[in-house]
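**Student:** 3D model of this:
(chains A and B)
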Amino acid sequence: MTTPFRCLHLYPCNDNMKKSKRTKIKVLFAQSVELEEVTVEGWVRTRRDSKGGFSFLELNDGSCLKNIQVIVDHTLDGFRDIQEEITTGSCVSVQGKWATSPGKGQSMELQARQVKIYGSADPEKYPLQKKRHSFEYLREIAHLRPRTNTMGAVMRVRNRLAYSIHRFFNERGFVYLNTPIITTSDCEGAGEMFQVTTLDLDKVPKTDGQVDYSQDFFGGKTGLTVSGQLEGEVFAMALSEIYTFGPTFRAENSNTSRHLAEFWMVEPEMAFYDLDDNMDLAEEFIKFLLSDILEHCSEDMEFFNQRIDKTIHATLKQILDNEFERIHYSDAIHLLQKSKEKFVYATEWGCNLQAEHERYLSEKVFKKPIIVFNYPEAIKPFYMKLNEDGETVRAMDVLLPKLGEIIGGSQREENYEVLLKRIEQKDLNSEDYWWYMDLRRFGSAPHSGFGLGFERLVQFVTGMENIRDVIPFPRTPKHATF
RNA sequence: UCCGGAGUGGCGCAAUGGUAGCGCAAUCGGCUGUUAACCGAUGGGUUACAAGUUCGAAUCUUGUCUCCGGAGCCA
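**Tutor:** Okay, here's the model as predicted:
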């Protein structure tokens, strides 16, 4: 590194505090007065040459959506030597004057005094042309797609959402908890696990025809986490309110625009919360995130509203202005049975709500987010708290129009005997859950929690149709390149 | 995994049994305080892969792979 202090900041850090001479484009755009001496560094989006003896460069450094316009006079010292190399995709450093622009389309522009090229990009080979590309194509060049307008905007929004998730919970006294990535606990009902092993797959040790996991690294069968919930409960039973925000893995062969094999999940877990408290928190949480995004990512959100989904702004506003509809599972079933809508799947008490049912309820009946709660115990995992009726559990799903399920949660069963019975009913081995059961033996407390799929949130907020376009490097069946 | 659709120059698409075209991008030239710049010219494809039917296949058949949409599983 030739510039060792470039990235060092004193706290508090913000865009304007910098040790290097470089100014970020976002900061420059906030400046409406002329500046005699600035340096901007970034990637060239397009170059237009004028026979008047100068070139226009559109420069982007990812700090914001907009490009900066740079004017380079062809008589500039040394410019003729590098002019050919300054093409779409190349990376340059420009030093000059931030000045009012005589042209139309921008009020300010950078009038170059010196242009340095860091790296050129052969226009015959550079895969990102200055034209529109399909998202499918961009996925094939995932290492270059961050340089597109859409991906840049997605990543800035994603970053802000992550930041405000931490802010939301920390402001409410929740403790950020890192639950294990490698685990033996299969959070029942959550999905298939990726196995983790150091055994030689060409000669797996076996006893009586069964794999001998005692010889494996951890002395037992292990996998990548499908949920941090069970471990989260452990710490909620000591710190009262915790949340996890980490990677989650599901080895399901899911090929949809809403599923990833590796995704990020937010899982709060709260002692002394009942299901109502849980639903209150979920609603407040989503509204907090949406309102924060509208306030702090307005330029990117304007882009999504214009180019990706023209209704996204109105949708988010409408969600903020209305209460989520809370409806018993049983009432939802009644509503569906009464409706004249033709469904592919029949609705019967005891069945899971199909995507078409969820969509009908949130998009046509209520036209806003809904929370369906008190599901039949038979279709929900063992850890959910059994209601007095003995037939339903205190589960809740938050369903968003278009997207579907974004949050799944429940009040947890805190009664040892009831929990044990449910584990046995579901043919699970209670010994596997001994430490989880211990939470009910020693100082048990009512508690609740939920899980929110982070990428689904980003998808919903940006209006992006495919979940693979809201994560830097998507992992789906047959895809782990990059 | 199931159902449906698709795979053709760098990208987006056309050609449904008979010499593979267009737009954008690229290259060259012209024009211009330009800005999705504009105008003209040029180059670029054994039609995903394998086998088959046919005088002849991008087009029909079978298989494989991949992508997209929907469903299931879920977040």
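
**Student:** quick one: secondary structure of residue A:69?
**Tutor:** Classification of residue A:69 by DSSP: H, G, I helix; E, B strand; the rest coil places it in strand.

**Student:** What separation do you get for it and residue A:241?
**Tutor:** Residue A:69 sits at a distance of 49 Å from residue A:241 (criterion: C-beta to C-beta, to the nearest Å). (Each C-beta comes from the backbone N, C-alpha and C, glycine too.)

**Student:** what residues are up against residue A:379?
**Tutor:** A:350-352 (C-beta atoms under 8 Å, 6 or more residues apart in numbering).

**Student:** contacts with RNA strand B among the residues you listed, please.
**Tutor:** Of the residues in these, proximity to RNA strand B by C-beta under 7 Å from any atom of the strand holds for residue A:352.

**Student:** For RNA strand B, state which of the contacts of residue A:379 is nearest.
**Tutor:** residue A:352 (4.6 Å; C-beta to the nearest atom of the strand).

**Student:** Bridge partners for residue A:119, pull those for me.
**Tutor:** residue A:91 (DSSP bridges).

**Student:** Was I right to think it contacts residue A:86?
**Tutor:** No - here residue A:119 does not reach residue A:86: they are 10.8 Å apart, not a contact under C-beta atoms under 8 Å.

**Student:** the more surrounded of the two?
**Tutor:** Comparing residue A:119 with residue A:86 by other C-beta atoms under 10 Å, the one with more neighbours is residue A:86, at 22 against 10.

**Student:** show me what contacts the more buried one?
**Tutor:** By C-beta under 8 Å, 6+ apart, residue A:86 lies in contact with A:44, A:47, A:55, A:57, A:92, A:115, A:117, A:120.

**Student:** residue contacts, residue A:336?
**Tutor:** For residue A:336, the contact set (C-beta under 8 Å, 6+ apart) comprises A:343, A:347, A:353, A:357, A:360-361.

**Student:** Please indicate which of these are buried?
**Tutor:** A:347, A:353, A:357, A:360-361 (16 or more other C-beta atoms under 10 Å).

**Student:** among these, which are in helices?
**Tutor:** Cross-referencing the buried ones among the contacts of residue A:336 against helices under DSSP state H gives residue A:357.

**Student:** okay, who's weakest in the buried ones among the contacts of residue A:336 by pLDDT?
**Tutor:** Across those, the bottom pLDDT score, 87, is held by residue A:347.

**Student:** measure the closest residue to that one other than its chain neighbours to residue A:35 for me?
**Tutor:** For residue A:347, ignoring the flanking residues on the chain, the nearest one in space by C-beta to C-beta, 6 or more residues apart in numbering is residue A:336 at 4.1 Å. Residue A:336 is 62 Å from residue A:35, where distance means C-beta to C-beta.

**Student:** ok, residue A:149 touching residue A:304?
**Tutor:** No - using C-beta under 8 Å, residue A:149 makes no contact with residue A:304, being 10.4 Å away.

**Student:** contacting residues for residue A:87?
**Tutor:** A:44, A:47, A:120-123, A:126.

**Student:** Find the pair from the residues you listed with maximum spatial separation.
**Tutor:** The most widely separated members of those, counting by C-beta to C-beta, are A:47 and A:122 (14.2 Å).

**Student:** Compare the two (neighbour count), which wins?
**Tutor:** Counted by other C-beta under 10 Å, residue A:47 and residue A:122 do not tie: residue A:47 has more neighbours, with 19 against 10.

**Student:** what bits of chain A have low per-residue confidence?
**Tutor:** A:1-20, A:187-190 (pLDDT under 70).

**Student:** Mark out where each domain of it begins and ends.
**Tutor:** A:25-128, A:146-191+A:226-469 (automatic domain parsing).

**Student:** So what touches stretch A:298-308?
**Tutor:** So stretch A:298-308 is contacted by A:64-66, A:149-150, A:153, A:156-157, A:293-294, A:312-313, A:462-464 (C-beta under 8 Å, 6+ apart).

**Student:** Which stretches in the stretch 201-350 of chain A count as strands?
**Tutor:** In the stretch 201-350 of chain A, the segments counted as strands under DSSP state E, counting those that start in this stretch are A:206-207, A:210-211, A:222-224, A:241-249, A:262-271, A:325-328.

**Student:** Can you name the residues in contact with the first one?
**Tutor:** Contacts made with strand A:206-207 from outside it, assessed by C-beta under 8 Å, 6+ apart, are listed as residue A:212.

**Student:** Please name the strands paired to that strand in the sheet, noting orientation.
**Tutor:** If you go by DSSP bridges, strand A:206-207 pairs up with strand A:210-211 (antiparallel).

**Student:** follow-up on the earlier one: adding distance to residue A:184 and secondary structure, write the contacts of residue A:86 out as a markdown table.
**Tutor:** Converted to a markdown table, the contacts of residue A:86 look like this (distance: C-beta to C-beta, whole Å; DSSP: H, G, I helix; E, B strand; the rest coil):
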| residue | distance to residue A:184 | secondary structure |
| --- | --- | --- |
| A:44 | 51 | strand |
| A:47 | 57 | strand |
| A:55 | 62 | strand |
| A:57 | 56 | strand |
| A:92 | 52 | strand |
| A:115 | 58 | strand |
| A:117 | 54 | strand |
| A:120 | 52 | coil |
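
**Student:** what's the most distant pair in these?
**Tutor:** So, these by C-beta to C-beta: farthest apart are A:55 and A:120, at 15.0 Å.

**Student:** Nothing else from me, thank you.
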